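Chemist: got a predicted structure here, sequence first:
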There are 2 protein chains.
Amino acid sequence: MDIKQRITEANEEVVRRLTSGLPVLVDIAPAGEVIPGMEGKMITHSGPPIEWSRMCGAQQGSVIGSVIYEGWAETPEDARALLDGGEIHLEPNHSHSTVGPMAGTISPSAPVWVVENRTFGNRAFCRQVEPRQQFGDYSPDALDGLRRWRDLFAPTLREALLHLGGVELDPIIIQALQMGDELHNRHSASSSLFANQMAIGIAKAGVPLDRALPTLGHLAGHNLLFLGLAMAAGKAITDPARGVESSSVVIAMCRNGTEFGIQVSGLGDEWFVAPAPVVEGLYLPGFTSSDAGLDMGDSAITETVGWGGFALGGAPGILALVGGTPEDALGYTREMRGITTAKHPTHRMPALGFEGTSVGIDIRKVVQTDVSPIIDTAIAHREAGHPIIGAGMVRAPMECFKGALRAFGRRYTP
Amino acid sequence: MDIKQRITEANEEVVRRLTSGLPVLVDIAPAGEVIPGMEGKMITHSGPPIEWSRMCGAQQGSVIGSVIYEGWAETPEDARALLDGGEIHLEPNHSHSTVGPMAGTISPSAPVWVVENRTFGNRAFCRQVEPRQQFGDYSPDALDGLRRWRDLFAPTLREALLHLGGVELDPIIIQALQMGDELHNRHSASSSLFANQMAIGIAKAGVPLDRALPTLGHLAGHNLLFLGLAMAAGKAITDPARGVESSSVVIAMCRNGTEFGIQVSGLGDEWFVAPAPVVEGLYLPGFTSSDAGLDMGDSAITETVGWGGFALGGAPGILALVGGTPEDALGYTREMRGITTAKHPTHRMPALGFEGTSVGIDIRKVVQTDVSPIIDTAIAHREAGHPIIGAGMVRAPMECFKGALRAFGRRYTP
């Protein structure tokens, strides 16, 4: 069998795994209890590996927030001193079967969504989504939000979830893609459908009214709630597709606001990085592109499995957030067909005649066609201390794919 | 002021009313308690006025079901005897500020949604949506469904609703139109969003688990739940636009399976009817077009306010039910611009660049352009005794608009 045939078969195997995963939400638990290797004074973050001093402002701000939230320091100055002194252990989420939105910071007492891939038995984790601390805001208000999640919402949802015996996420994902969600920045449908399920769990668990009511209100009012679940699902789906010999399919794309990194199934755990790109987008009142940090977050795991920018044509509602026309959105989705390996058999988009989403980004096709994956994403401030400032579109840097293809060539040249 | 100018101004006034209505769900109550004029052995039905002997098979079946459900007869034969003898009073829903899906039958003990238009103070009513008795099925199972609604779901939702102090429907409608609902036959988003509100009400009301759990399950599993609410909202929105002197705008379109009828704001309560048309559609397994009854139901009140077929371009998910391509759906929506008076300021469709829905069907434009309103609808059997058999697309008969325009000319010729 020649090398081309071996790559084709390996990629088919990767896509078989990517399209047969069955993510099930099984728990909501403190990171330190469930994430493998989460020990001591440790904070995991989004993107490829990076040391404290090279982190962007927003990610530094978010880490400072986590340090204060954990009670390891009382002030931002004390937190910075600990971090400058190397006393906090920082590692990428992706090294721990984990993903996180924007700065992606996760610390031991932070409750995370626990998603099991029923087809392969692996688990993945993601933190909750909120508009402040994950963007670098370490104000008392931002940290109160984390505490309310830890002390009220997370334990209540955990109780409800255990009474339901878990929630299958694929039926929600399938429906939501037919209801205008692209599952990266638009989660109006998925969050609502998930809330319907959790309301039943809250009733079954007999949660007292003083916890049930605010939790039901949080569920009904949080239209990005499902993003954390979609990300954990994406990670749970991609992890079993790692390490397939000869495969040129991407199994991770992520950014830390300094660098953009990708991993490829046939190339082990090596990261192929390039400088994080600028996001083209729309800004909240009072902010402009001169305030913007660079592309950040593990949320591009959603594009890695065919959602987000890849499914934008089916989710024109998001254009109010990221800009552009319905025709642009359909164009992005059609363009992604050319750099992928297959169509998903059940993740279908009605606006494209119920065509399946494009899955299995092939680094060879990206370089050959000079078309890079399109990602829709939120925008953080370039300095520490701010909440969300905007959202827009960005292309994965071509240099990541060229670097990966060079390594692929070296490894697999006969 | 010349007649043309008078008509223009009258139509602007009608559209101002159509686009400023604020429907609020205020109660769920037995029809006999809330619908004006619902007295004695009376059943209201969809469409323009029609006597028992001319009703189509499905509507006769549905009326038979209502007679047995009310306990006025024990068998279908006894029910037919009562109806043949003229002992049951039959009137159109539209004469009672009411609408009903398909056969549209409403009897005194049937709980109805009560929607108040907060801008104008009027109320409108609609029965719940289910796939059996409203299609003409009078089997014990079909009637058990009505009883379960009457005895379990309706009183539980009523209790929840009163604890919420009502639910504003316009925010749900606005969101749902941006989530792929067209609000006639696709209600996946609106039903889910409404279910989340009601879950909060059920919790607030402290409903016991033996009623709360099945009701939450019903809410989470019924993706056409909101249709009855959308219809009541449509009727509550259109009624204040009736009787505007010199207006050529349609304020009701409905069908009884025998005739299609329209009413026009400037022409009082007169019905302009034509034979009910054939629906072009897709059928459930075991059924074909030879089984199909003709177009039926008050649900075209949704098209009358700019939803349904008029918003199909924003709701491609419905094509799995009614057939056609996303391009067809966009084409229908664009075509309706030509026969209407204005764009809705807040009911927007992302797939059309956030354009507002087309409202205010002008009988003059329909006749001049030879373009008739497009409606997406379910299909009932042509004989009594069957549940739903399919769904598809239909055009309002041009003859209704020609007849109305002739009457308009007679009345308003200087």
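Modeler: Structure received. Residues are numbered from 1 along each chain as shown, chains lettered A, B, ... in the order given.

Chemist: now A:Gly206, nearest residue through space, not along the chain?
Modeler: In this structure, A:Gly206 finds its nearest non-sequential neighbour in B:Leu209, 7.1 Å apart by C-beta to C-beta, 6 or more residues apart in numbering or on different chains. C-beta coordinates here come from the backbone N, C-alpha and C atoms, glycine included.

Chemist: doesn't A:Ile202 make contact with the one you found?
Modeler: No. Applying C-beta atoms under 8 Å as the test, B:Leu209 and A:Ile202 come out as separate, 11.3 Å apart.

Chemist: more neighbours, these two?
Modeler: Comparing B:Leu209 with A:Ile202 by other C-beta atoms under 10 Å in any protein chain shown, the one with more neighbours is A:Ile202, at 28 against 11.

Chemist: tell me the pLDDT of the more buried one.
Modeler: Looking at A:Ile202, its pLDDT is 97.

Chemist: try the one 5 residues further on
Modeler: What the model reports for A:Val207 is a pLDDT of 96.

Chemist: enumerate every residue touching the residue lying closest to it once chain neighbours are set aside.
Modeler: Of all residues not flanking A:Val207 in the chain, A:Thr156 sits nearest, at 5.7 Å (C-beta to C-beta, 6+ apart). Going by C-beta atoms under 8 Å, 6 or more residues apart in numbering or on different chains, A:Thr156 touches A:Ile202, A:Val207, A:Arg211, A:Ala212, A:Thr215.

Chemist: name the nearest residue to the first one, ignoring sequence neighbours.
Modeler: On the basis of C-beta to C-beta, 6+ apart, the spatially nearest residue to A:Ile202 that is not a chain neighbour turns out to be A:Ala160, at 4.5 Å.

Chemist: what of the third one?
Modeler: On the basis of C-beta to C-beta, 6+ apart, the spatially nearest residue to A:Arg211 that is not a chain neighbour turns out to be A:Thr156, at 4.9 Å.

Chemist: using PDB, write down the CA coordinates of the host helix or strand of that neighbour.
Modeler: For A:Thr156, the host element (DSSP states H and E) is helix A:154-164. Extracted in PDB, the C-alpha atoms of helix A:154-164 (Å, rounded to 0.1, in the frame of the first residue of the first chain):
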ATOM      1  CA  ALA A 154     -23.200  23.900  40.000                       C
ATOM      2  CA  PRO A 155     -24.300  21.900  43.000                       C
ATOM      3  CA  THR A 156     -28.000  22.300  42.200                       C
ATOM      4  CA  LEU A 157     -27.400  21.200  38.600                       C
ATOM      5  CA  ARG A 158     -25.300  18.300  39.800                       C
ATOM      6  CA  GLU A 159     -28.100  17.100  42.100                       C
ATOM      7  CA  ALA A 160     -30.600  17.400  39.200                       C
ATOM      8  CA  LEU A 161     -28.200  15.600  36.800                       C
ATOM      9  CA  LEU A 162     -27.700  12.700  39.100                       C
ATOM     10  CA  HIS A 163     -31.500  12.300  39.400                       C
ATOM     11  CA  LEU A 164     -31.700  12.200  35.600                       C
END
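
Chemist: ok, then the element right after that helix?
Modeler: Criterion used, DSSP H and E; the element after helix A:154-164 is strand A:167-168.

Chemist: continuing past that following strand, what's the next helix or strand?
Modeler: Next element after strand A:167-168 (DSSP H and E): helix A:170-177.

Chemist: after that following helix comes which helix or strand?
Modeler: Next element after helix A:170-177 (DSSP H and E): helix A:188-205.

Chemist: between helix A:154-164 and that following helix, find me the angle.
Modeler: 80 degrees (axes from the mean of the first three to the mean of the last three C-alpha atoms, to 10 degrees).

Chemist: need the contact list for the nearest residue to A:Ile200 once chain neighbours are set aside.
Modeler: Nearest residue to A:Ile200 in three dimensions, chain neighbours excluded: B:Leu216, at 4.8 Å (C-beta to C-beta, 6+ apart). B:Leu216 is in contact with A:Asn196, A:Ala199, A:Ile200, A:Ala203, B:Ala195, B:Ala199, B:Ile202, counting by C-beta under 8 Å, 6+ apart.

Chemist: which one of these is nearest A:Glu259?
Modeler: A:Asn196 (39.4 Å; C-beta to C-beta).

Chemist: over to the nearest residue to that closest one once chain neighbours are set aside. Which of the three states is it?
Modeler: Setting aside the residues directly before and after it, A:Asn196 is nearest to B:Ala220 in space (C-beta to C-beta, 6+ apart), at 4.0 Å. Per DSSP: H, G, I helix; E, B strand; the rest coil, the local secondary structure of B:Ala220 is helix.

Chemist: OK, contacts around B:Ala220?
Modeler: A:Asn196, A:Gln197, A:Ala199, A:Ile200, B:Ser192, B:Ala195.

Chemist: which strand or helix spans the residue nearest to A:Ile200?
Modeler: helix B:209-221.

Chemist: could you list the buried residues of the helix holding A:Thr156?
Modeler: A:Ala154, A:Pro155, A:Thr156, A:Leu157, A:Arg158, A:Glu159, A:Ala160, A:Leu161 (16 or more other C-beta atoms under 10 Å in any protein chain shown).

Chemist: state the distance from A:Leu294 to B:Gly47.
Modeler: Noted for A:Leu294: a distance of 61 Å to B:Gly47, by C-beta to C-beta, to the nearest Å.

Chemist: more neighbours, those two?
Modeler: B:Gly47 (31 against 21).

Chemist: what's opposite the closest residue to that one other than its chain neighbours in the beta bridge?
Modeler: Closest residue to B:Gly47 apart from its sequence neighbours, by C-beta to C-beta, 6+ apart: B:Asn256 at 2.6 Å. In this structure, B:Asn256 bridges to B:Met296 when assessed by DSSP bridges.
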